[in-house]
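Chemist: how would this look folded up:
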Amino acid sequence: MNRLRKVGVIMLLVVIVSTQLIAADGDSLSPSFLEYMRGPEMYSVLQDTHKILGYTSAALGIAACVFNPVLVDDDLHNMFGSAAAISSAVNIGVGLVNYGDRVFSPEHEKAATRDVLHAALSVAGSILMIAATGVEAEDDEGFSGNFAHAALGIAGAGLMASSIVFEW
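Modeler: Below you'll find the predicted structure:
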């Protein structure tokens, strides 16, 4: 449960910071910082960061599923799972900062279904992977040891991986 708190706090901080950057109107942050954050150079940097973190999150989640405690040392499984949960949380924040205007578009504009589906699957997958770290298996029996842990982890990794498919 201690890991769940750490990852949850990191995700909460990332979401708070990213929503502040999305909603910033120039009064709360310096205009030059906002211009830089919303400029083409930072957009490109955040785009690449989001892509790399997304692939990494999905790969780490799948690695945590494949390298379960039945096959490998429990520490390796825990490392993959924790890294997947943390990278997915950070990736959600980066995605909100860079693409938040696509998903949370003004009322007169309709957000693209592809973008909304990608965001929804990513957020759901991230939440499930974080939840899986909180319900970790207490014994080394693998899938039969704690079905909730395995189901949350597999579903989270699967959703993160499937969200990438919608962007290809």
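Chemist: how about low-confidence regions in this protein?
Modeler: 1-38, 105-109, 111, 136-145, 168 (pLDDT under 70).
Chemist: what ranges does it have for its helices?
Modeler: Ranges of helices within the chain are 2-23, 31-37, 40-66, 74-103, 113-134, 147-165, based on DSSP state H.
Chemist: okay, these in TSV with mean neighbour count next?
Modeler: The way it works is simple: take the backbone N, C-alpha and C, and place the C-beta from them, glycine included. Listed next are the helices of the chain as TSV, based on neighbours: other CB atoms under 10 Å:
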stretch	mean neighbour count
helix 2-23	15
helix 31-37	12
helix 40-66	17
helix 74-103	21
helix 113-134	20
helix 147-165	20
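Chemist: please name the nearest non-neighbouring residue to L46.
Modeler: N98 (3.9 Å; CB to CB, 6 or more residues apart in numbering).
Chemist: my read: that neighbour touches K51, true?
Modeler: No - using CB atoms under 8 Å, N98 is not in contact with K51; the gap is 10.2 Å.
Chemist: picking that back up, tell me the contacts of the residue nearest to L46?
Modeler: By CB atoms under 8 Å, 6 or more residues apart in numbering, the residues touching N98 are Y43, L46, Q47, H50.
Chemist: swap in A148?
Modeler: Neighbours of A148 in contact, by CB under 8 Å, 6+ apart: V135.
Chemist: how much space is there between it and A59?
Modeler: 23 Å (CB to CB, to the nearest Å).
Chemist: and if you look at V165?
Modeler: Taking CB to CB, one finds V165 at 14 Å from A59.
Chemist: got it, and H50?
Modeler: 15 Å.
Chemist: closest one of the contacts of N98 to L121?
Modeler: Lowest distance from L121 to those (CB to CB) belongs to H50, with 14.3 Å.
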